[in-house]
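**Student:** Sequence plus the predicted model coming up.
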Amino acid sequence: MKNTNLNKILLPIVFLIWIGVLYRIFWYEPKAETVSIPLASKVSLNISSPIEADTLSLSLDYDDPFNLSERKRKKPASHSPAKQSQAKKVAILPKKTAKQEPVLPKPIDWSQFAYKGFSQVSDQAEKTALLTIFGSTRYLGEGDSVSGVKVVMISKDSVGISFRNKNRVLYRE
C-alpha cells in the first residue's frame, strides 16, 4: 500500500456511502405524498328526451347447421325381415358435381435435404455422401435410395438426388 494518504481519504468516503445504502434499504421510509383531486361542485344531468325502445330483432328462420332436429326425429332401423320388405327401396345415385379439378401433388420442400460431407476410400472408386434426409443423417453411395430419395451423382462439393421424378443438385454446407 504505497498510497496511504489516498487510502486515508477514500476509505471513510466508501464507508459513508455504504452507510447511506444500508440506511435506504432497511430504515428509510418515504414521505407520504398527498394528491388533491379537484371535485366538481355541481353535477347536473339534462334528461330532456325520453329513452327510445330497443329496435333490435333477431331473424331465427334459418336451417339448423347441425341437423339436431332431424337427428331427434330419426328412429333407428329395425333388423326384422318383415319390416325390411315393407321399406321402400331407393336407388342412391352419386351426386353430380361440377367439373373436378385434377389433384396436384404437394410441392417438394427441398430444405428437408442437406449435403453434409463426402468420403472415398483411396484404393476404391466408390464414393459415399453424408446426407440429411427428413431429419435423418445417412451415408449413401451412388444409386442408393432412402425414403424415395435416390442418389444420382456424388462429387466433393455437390450431390445429385432424385425425388418424385424431380432432380436437384445439393451443394455442401
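**Tutor:** Thanks, I have it. Numbers count the residues shown, from 1 in each chain.

**Student:** would Leu130 count as being in a strand?
**Tutor:** Yes. Leu130 sits within a strand when classified using DSSP: H, G, I helix; E, B strand; the rest coil.

**Student:** Any idea what it is bridged to?
**Tutor:** Going by DSSP bridges, Leu130 is paired in beta bridges with Gly117, Tyr139.

**Student:** what sits up against stretch 123-142?
**Tutor:** 112-120, 146-147, 149, 151-155, 159, 161, 170 (CB atoms under 8 Å, 6 or more residues apart in numbering). Placement of C-beta: from N, CA and C, glycine included.

**Student:** What subset of the residues you listed is buried?
**Tutor:** Phe113, Ala114, Tyr115, Phe118, Val149, Val151, Ile154, Val159, Ile161, Leu170 (16 or more other CB atoms under 10 Å).

**Student:** So which of the residues you listed are in strands?
**Tutor:** Phe113, Ala114, Tyr115, Phe118, Val149, Val151, Ile154, Val159, Ile161, Leu170 (DSSP state E).

**Student:** can you tell me which of these lies nearest to Glu52?
**Tutor:** Phe113 (68.7 Å; CB to CB).

**Student:** That closest one against Val159, yeah?
**Tutor:** No. Counting by CB atoms under 8 Å, Phe113 stays clear of Val159, with 9.2 Å between them.
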